[in-house]
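1. below are the sequence and a predicted model; questions follow.
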Amino acid sequence: MTDARLAAVVVLAAGEGTRMRSATTPKVLHEIGGRSMLGHVVRAARHLAPEHLLVVVGHAREQVTAHLAGLDPAAQAVVQEQQQGTGHAVRVALDTLPALTGTVVVVPGDAPLLTAQTLSELLATHHVARAATTLLTAELPDPTGYGRVVREGGSVAAVVEHKDADAAIRAIREVATSVYAFDAEQLRTALQQLTTDNAQGEQYLTDVVALHRKAGRTVAAHIAESATETMGVNDRVQLAEAGRLLRDRVVAQHQRAGVTVVDPATTWIDIDVRLEPDVTIHPGSQLHGTTAVRAGAVIGPDTTLTDTEVGEQASVVKSHCVGAVIGTGADVGPYTYLRPGTRLGEKSKAGAFVEIKASQVGARSKVPHLSYVGDAVIGERSNIGAATIVVNYDGRDKHGTTVGDDVRVGSDTMLVAPVTVGDGAYTAAGSVITDDVPPGALGVGRARQRNIEGWVARKRPTDQGQP
């Protein structure tokens with residue numbers, strides 16, 4: 001009887017992925033939905049709670065290993081010095097666990113749509129069948145390029161790679177997906193018998209099926225409910241297609257949980273984004289990273305949020321926000337840029353053509369339009385007039401500005417940091433404020449206007465009467 005204990009999951013991530021045409025990024029580190037392909041696979045594998053999670057690395061091993069350490073510190077990277085095929089890769093992995101018994105699951109590192117649920121169903125089929133090998137298979141309308149599943153009497157007789165298949169076998173639509181469950185001891189025995197007698201001169205893991213059949217072992221198969229879930233990614237065309245499929249899956253999950261997505265085709269939501277019920281997402285919006293949007297908030301149209309928190313009933317329109325916190329009922333946009341460290345208080349406003357960086361805007365305070373606020377703390381119920389600039393950089397160092405509660409900063413004011421404007425103070429429009437303004441005072445930092453009568457007639461007589 002097959003040991004039901006999941007001893008190990010082996011993720012195959014050693015390939016070069018030349019068809020990705022990348023000089024800098026290993027194949028499995030290309031991202032969809034805010035997570036690397038390897039990250040998606042490792043997360044699904046970890047949900048199975050294996051005793052060991054092994055990731056076979058080879059090409060660009062330093063990058064992949066460092067990435068893996070951030071993804072799952074408990075996972076073990078195993079180096080395949082020479083890429084001699086999938087069978088060889090699994091053998092290298094198992095050699096690190098010589099006393100391993102139980103069930104081993106093998107998954108490719110370039111199958112980002114694979115879910116933990118499907119892997120669990122594969123394991124269940126494997127244990128019920130008491131199989132030596134159980135394949136995850138899919139039925140494709142166009143199976144070109146995939147290993148075909150050859151059956152005899154309903155059970156699996158062999159898996160034949162496309163390049164080694166004749167015309168009759170190539171007509172088969174059921175394909176192997178490079179995802180397997182094995183009995184560990186029987187797998188180890190079969191791996192020792194693999195040869196390189198094939199078109200590629202490699203040790204195919206698929207040949208374990210034939211070896212187990214020859215030895216009279218049971219070989220089972222579990223057909224994935226969704227063939228798209230088993231999709232592998234070999235080039236950037238397939239990467240984009242996988243991204244679209246993941247987008248559709250994620251958007252549908254949020255819709256079923258009570259989120260209104262007006263136009264799913266133009267909405268992109270990363271896998272780790274959190275949305276509460278009654279959020280509305282308008283067309284052309286992208287939500288990335290660890291963004292979280294609370295109930296009743298309205299996002300978009302044409303808005304990008306990255307690692308941003310949006311409070312209940314807030315509105316963000318045609319804006320770009322990175323690493324910001326937007327308070328309950330706050331109003332952002334249009335054409336607003338909130339940079340990292342921005343915190344908007346309850347019912348505050350960051351309006352049209354406003355940029356805010358590393359600053360706090362208190363409850364009910366407003367920066368309505370055409371302003372830059374950097375390294376500042378603005379109190380409650382204050383108003384920052386149009387075209388106000390917080391001059392926070394002296395060419396070498398950044399300095400802070402403090403604006404108190406109930407302050408009225410006049411339009412076109414320059415607040416030259418470090419400077420403080422006290423509670424209830426005003427600044428005159430067009431001022432350059434270089435000194436602190438006491439509470440309740442009016443700060444005026446501009447020269448008195450002087451009119452020169454008759455200047456145009458004397459100096460520009462030809463301008464008179466011109467439009």
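-> Now that the structure is in, tell me what you want to look at.
2. state the next helix or strand along the chain beyond the top strand by length along the chain.
-> For the chain, the longest strand by residue count, based on DSSP state E, is strand 174-183. As assigned by DSSP states H and E, the chain's next helix or strand after strand 174-183 is helix 184-191.
3. packing partners for that following helix?
-> In this structure, helix 184-191 packs against helix 86-94, strand 103-108, helix 207-214, with contacts taken as 3 or more C-beta pairs under 8 Å, 6 or more residues apart in numbering; DSSP states H and E. No exception for glycine: its C-beta is placed from N, CA and C like everyone else's.
4. and the shortest one, which strands flank it?
-> If I follow you right, that is strand 103-108. strand 6-13 (parallel), strand 174-183 (antiparallel) (DSSP bridges).
5. on that earlier part again, mind putting the helices and strands packed on helix 184-191 into a markdown table with mean pLDDT?
-> Output for the helices and strands packed on helix 184-191, formatted as a markdown table (pLDDT from 0 to 100):
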| stretch | mean pLDDT |
| --- | --- |
| helix 86-94 | 95 |
| strand 103-108 | 97 |
| helix 207-214 | 90 |
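6. correct me, but Ile445 touches Ser431?
-> I think there's a mix-up here, since residue 445 is Gly and not Ile. Yes - counting by C-beta atoms under 8 Å, Gly445 does reach Ser431; the two are 3.8 Å apart.
7. shared neighbours, these two?
-> In terms of C-beta atoms under 8 Å, 6 or more residues apart in numbering, Gly445 and Ser431 are both contacted by the residues Met414.
8. now the stretch 351-467 of the chain, which segments are flagged as low pLDDT?
-> Along the stretch 351-467 of the chain, segments meeting pLDDT under 70 span 464-467.
9. residue ranges for the helices of it, please.
-> Assigned by DSSP state H, counting those that start in this stretch, the helices in the stretch 351-467 of the chain fall at 455-459.
10. and what of the stretch 101-250 of the chain?
-> Assigned by DSSP H, counting those that start in this stretch, the helices in the stretch 101-250 of the chain fall at 116-129, 167-170, 184-191, 207-214, 236-256.
11. for the third one, what is the average pLDDT?
-> Taken as a whole, helix 184-191 carries a mean pLDDT of 94.
12. returning to that earlier point: which stretch in the strands paired with strand 103-108 is the model least sure about?
-> Among these, strand 174-183 scores lowest, at a mean of 94.
13. what's the angle from the longest strand of the chain to helix 86-94?
-> 20 degrees (axes from the mean of the first three to the mean of the last three C-alpha atoms, to 10 degrees).
14. mean pLDDT lowest where, among the helices of the stretch 101-250 of the chain?
-> helix 207-214 (a mean of 90).
15. that one packs against which elements?
-> Against helix 207-214 (3+ C-beta pairs under 8 Å, 6+ apart) you get strand 133-139, strand 155-160, helix 184-191, strand 219-223.
16. picking up where we left off before, between the helices of the stretch 101-250 of the chain, which gets nearest to Gly153?
-> Nearest to Gly153 among these is helix 207-214; the distance by C-beta to C-beta comes to 11.5 Å.
17. same list, the helices and strands packed on helix 207-214, but as a markdown table with distance to Ala257 and mean neighbour count please.
-> Below are these laid out as a markdown table (distance: least, C-beta to C-beta, whole Å; neighbours: other C-beta atoms under 10 Å):
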| stretch | distance to Ala257 | mean neighbour count |
| --- | --- | --- |
| strand 133-139 | 28 | 24 |
| strand 155-160 | 38 | 20 |
| helix 184-191 | 39 | 20 |
| strand 219-223 | 28 | 21 |
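18. so which of those is nearest Ser285?
-> Among the helices and strands packed on helix 207-214, strand 133-139 sits nearest to Ser285 (C-beta to C-beta), with 32.5 Å.
19. nearest spatial neighbour of Ala129, chain-adjacent residues omitted?
-> Ala220 (3.9 Å; C-beta to C-beta, 6 or more residues apart in numbering).
20. so what's the one you found up against?
-> 125-126, 129, 131, 133-135, 155-156.
21. would you list these in a markdown table and tack on distance to Thr25?
-> Formatted as a markdown table, the contacts of Ala220 follow (distance: C-beta to C-beta, whole Å):
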| residue | distance to Thr25 |
| --- | --- |
| Thr125 | 35 |
| His126 | 34 |
| Ala129 | 39 |
| Ala131 | 37 |
| Thr133 | 33 |
| Thr134 | 33 |
| Leu135 | 30 |
| Ser155 | 41 |
| Val156 | 36 |
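22. quick check: of the residues you listed, which lies closest to Lys27?
-> For the contacts of Ala220, the nearest to Lys27 is Leu135 (23.0 Å; C-beta to C-beta).
23. what sits against the closest one?
-> So Leu135 contacts 149, 156, 159, 176-177, 179-180, 209, 219-222 (C-beta under 8 Å, 6+ apart).
24. need the per-residue pLDDT for it.
-> pLDDT, Leu135: 95.
25. with Thr2 instead?
-> On pLDDT, Thr2 comes in at 52.
26. gap between the residue nearest to Ala292 when sequence neighbours are not counted and Val259?
-> Excluding the flanking residues, the one nearest Ala292 by C-beta to C-beta, 6+ apart is Arg274, at 4.3 Å. According to C-beta to C-beta, to the nearest Å, Arg274 stands 10 Å off from Val259.
27. please apply the same query to Leu275.
-> Relative to Val259, and taking C-beta to C-beta, Leu275 is found at 5 Å.
28. with Ala181 instead?
-> Taking C-beta to C-beta, one finds Ala181 at 35 Å from Val259.
29. burial check on Val377, number of neighbours?
-> 16 (other C-beta atoms under 10 Å).
30. so what's the closest residue to Ala165 other than its chain neighbours up against?
-> Residue nearest to Ala165 in three dimensions, not counting chain neighbours: Arg148, with 5.7 Å by C-beta to C-beta, 6+ apart. Contact partners of Arg148, counting by C-beta under 8 Å, 6+ apart, are 159-160, 162, 165, 169-170, 172, 174-176.
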